[in-house]
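Q: attaching a predicted model along with its sequence, questions to come.
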Amino acid sequence: MSSELSVNHLLGIKYLKREDIELIFKTADHFKEVINRPIKKVPSLRDITIANLFFENSTRTRLSFELAEKRLSADVINFSAASSSVKKGETLIDTVNNILSMKVDMVVMRHPNPGAGIFLSKHVNASIINAGDGAHEHPTQALLDSYSIREKLGEVKGKKVVIVGDILHSRVALSNIFALQLQGAEVKVCGPKTLLPKYIESLGVEVETNLRKALEWCDVANMLRVQNERMDISYFPSTREYVKQFGLNKKLLESLDKEIVIMHPGPINRGVEITSDVADSENAIILDQVQNGVAIRMAAIYLLASKIKQ
Amino acid sequence: MSRKVLLDSNQLNIILHRLACQLVEKHTDFKDTVLIGIQPRGVFVASRIEKILKEEYGLNDIKSGQLDITFYRDDFRRGEKPLEANKTRIDFIVEDKRVVFIDDVLYTGRSIRAALTAIQSFGRPREIELLSLIDRRFSRHLPIQPDYNGRQVDAINEEKVKVSWKEKDGEDAVYLISK
């Protein structure tokens, strides 16, 4: 196995090879051990500066990236669009080039527009990590999801994973589909027809509109949040109706004749896509996902930083 | 490329026994002592010494671990190839313990410098000693010297000292390899 990533930026799972994912996981194993030490910090990236540019709200991802960067001893600067000159009309490239002229080596960016990271990687001289670009990709989330499945079930290959909910607006869904397929897992999606992209089957993903059938088929169910903030029209009649058809509750979970693993990328709308008792149950690995997120992001940052020449 | 035998299996065995004996002389019952093999190749020396201490001195409760120093090295982004990490396994607290670092070849001293930083993440040891099987003297970049020393070797920078282990490379031997 190569000890180097095949890419200089982490823009999407689409651009990765299977070996890249394996390398990131292997490196994350080491960092997971590091973050469970009494002192959870290594000095590797002490000469690297990373800018976190968040043009869209985030709690988990932003904290997770910042923690990962700090645990690697990188210098970190944070930026959020709400309090910046973006509001004054500055373009993306100008904003980023201004930041880079302060000698920044790597940019972690979340942006509402799909492809923003790819665009940036072509125009600026820094290593770019996509922390979510619109409804396009969220590669580190998909990596940590697969890593959590690997940790729980031994391997990802051959596992059956159903992604439930708002697939249409979800970058997590798309990145997960790419990542899981690359590792040899089977993927189905489940949700109201209105929230499934029209050409989703062209990705080799089966559609199942009955939640019970989907759960009976799967080893892992990844329950996505309904992204009300991205919905400009009404995609289903009411939240109550959505919950009735696509919400996962304890009764449904217990009526299955097997144990399945429940995942959620957060933030949870308790009582909508999953009920509280499911979210807090033994089957759920939601908090493991969060812990693994730091290790996965440390691995991705470390491996990309090692490609930045002095 | 030429290869010269520095130590054969028999000589290596005698040296390992002597090093184990010296450790016992200093640490007696190993009550507060922990052995730390430095990854990747110090762990082989450490496991051999641990085996001798157990089998010949009856010290069955010795605490030992493995420390990987990759993330603490000072040549990150400076080499041709990225550094590859190994497993760290230290399932005890080193706070107030007497730590013995064990490595196969002491060369520039930079690995040990990194190990001195790395071990701090597991607590503040009372003292740290260094045991090295081979000491390439006159090639140090840092003021680091071994407390227990297998064999001193004079080798120039273009030469490489390779320690082979039966369990890893098929034989016990130490070679001097020159280009």
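A: Okay, I see it. Residues are numbered from 1 along each chain as shown, chains lettered A, B, ... in the order given.
Q: wait, doesn't residue B:23 sit right on residue B:102?
A: No: at 9.5 Å, residue B:23 does not count as touching residue B:102 under the criterion of C-beta atoms under 8 Å. Quick note: C-beta positions are derived from backbone N, CA and C, even for glycine.
Q: anything in contact with each of the two?
A: By C-beta atoms under 8 Å, 6 or more residues apart in numbering or on different chains, residue B:23 and residue B:102 have these common neighbours: B:49, B:131.
Q: could you tell me what pLDDT the model assigned to residue A:238?
A: With respect to pLDDT, residue A:238 scores 87.
Q: check residue A:83 too.
A: In this prediction residue A:83 is given a pLDDT of 66.
Q: returning to that earlier point: more neighbours: residue B:23 and residue B:102, which one.
A: residue B:102 (28 against 25; other C-beta atoms under 10 Å in any protein chain shown).
Q: tell me how many other residues crowd residue 3.
A: All of this is about chain A. Counted with other C-beta under 10 Å, residues neighbouring residue A:3 total 14.
Q: right idea, wrong chain: chain B
A: Neighbours around residue B:3, by other C-beta under 10 Å: 11.
Q: tell me who's in contact with it.
A: Counting by C-beta under 8 Å, 6+ apart, residue B:3 touches B:175-177.
Q: kindly report the same for residue B:40.
A: Contacts of residue B:40 were listed using C-beta under 8 Å, 6+ apart, and they are B:68, B:86.
Q: quick one: secondary structure of it?
A: When classified by DSSP: H, G, I helix; E, B strand; the rest coil, residue B:40 comes out as coil.
Q: could you report the pLDDT at it?
A: 92.
Q: separation between it and chain A?
A: Relative to chain A, residue B:40 is positioned 13 Å away (C-beta to the nearest C-beta, to the nearest Å).
Q: now for residue 131, how many residues are close by?
A: Went with chain A since none was named. 28.
Q: actually, chain B is the one I wanted.
A: Using other C-beta under 10 Å, residue B:131 has 25 neighbouring residues.
Q: quick one: the strands in the stretch 101-250 of chain A?
A: In the stretch 101-250 of chain A, the segments counted as strands under DSSP state E, counting those that start in this stretch are A:106-111, A:127-133, A:160-164, A:186-190, A:206-208, A:220-223.
Q: neighbouring contacts of the second one?
A: Defining contact as C-beta under 8 Å, 6+ apart, one finds that strand A:127-133 is touched by A:8-12, A:52, A:54, A:56, A:58, A:61-62, A:65, A:105-118, A:120-121, A:137-141, A:171, A:300-301, A:304-305, A:307-308.
Q: how many neighbouring residues does residue B:92 have?
A: 12.
Q: nope, residue A:123 is what I was after
A: Applying other C-beta under 10 Å, we find 10 residues neighbouring residue A:123.
Q: for it, which non-adjacent residue is closest in space?
A: residue A:93 (5.2 Å; C-beta to C-beta, 6 or more residues apart in numbering or on different chains).
Q: do residue A:175 as well
A: residue A:142 (3.5 Å).
Q: now do the same contact list for that neighbour.
A: Counting by C-beta under 8 Å, 6+ apart, residue A:142 touches A:13, A:172, A:175-176, A:178-180.
Q: three-state assignment of residue B:5?
A: Per three-state DSSP, residue B:5 ends up strand.
Q: before we move on, what about residue B:162?
A: strand.
Q: any idea which of the contacts of residue A:142 is closest to chain B?
A: residue A:13 (21.0 Å; C-beta to the nearest C-beta).
Q: if I look at the closest one, how far off is residue A:174?
A: 8 Å (C-beta to C-beta, to the nearest Å).
Q: now do the shared contacts for the two.
A: With C-beta under 8 Å, 6+ apart, residue A:13 and residue A:174 have common neighbours residue A:137.
Q: how about the residues of chain B near chain A?
A: Within reach of chain A by C-beta under 8 Å from any C-beta of the partner chain, chain B has these residues: B:68, B:70-73, B:76-78, B:81-88, B:93, B:117-118, B:120-123.
Q: now, which of those residues lie within helices?
A: B:117-118 (DSSP state H).
Q: put the buried members of the residues of chain B next to chain A into a PyMOL selection.
A: Provided next is the PyMOL selection string for whichever of these are buried by 16 or more other C-beta atoms under 10 Å in any protein chain shown:
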select buried, chain B and resi 68+70+71+72+73+76+77+82+83+84+85+86+88+118+121+122+123
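Q: coming back round to it: just the buried residues out of the contacts of strand A:127-133, in PyMOL syntax.
A: In PyMOL, a selection of the buried entries from these looks like this (16+ other C-beta under 10 Å):
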select buried, chain A and resi 9+10+11+12+52+54+56+58+61+62+65+105+106+107+108+109+110+111+114+116+117+118+120+121+137+138+139+140+141+171+300+301+304+305
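Q: quick check: which of the contacts of strand A:127-133 are also close to chain B?
A: Counting by C-beta under 8 Å from any C-beta, A:305, A:307-308 from the contacts of strand A:127-133 sit close to chain B.
Q: give me the residue at the spatial middle of the chain.
A: In the absence of a named chain, this looks at chain A. Geometric centre of chain A, nearest residue: residue A:141, 1.6 Å, by C-alpha atoms, centre = their mean.
Q: meant chain B actually
A: Nearest to the mean C-alpha position of chain B, by C-alpha atoms, centre = their mean, lies residue B:103 at 1.0 Å.
Q: spatially nearest residue to that residue (excluding sequence neighbours)?
A: Nearest to residue B:103 is residue B:42, by C-beta to C-beta, 6+ apart, at 3.8 Å.
Q: repeat for residue A:303
A: Residue A:303's closest residue in space is residue A:5 (C-beta to C-beta, 6+ apart), at 5.0 Å.
Q: and residue B:173, by the same measure?
A: residue B:164 (4.9 Å).
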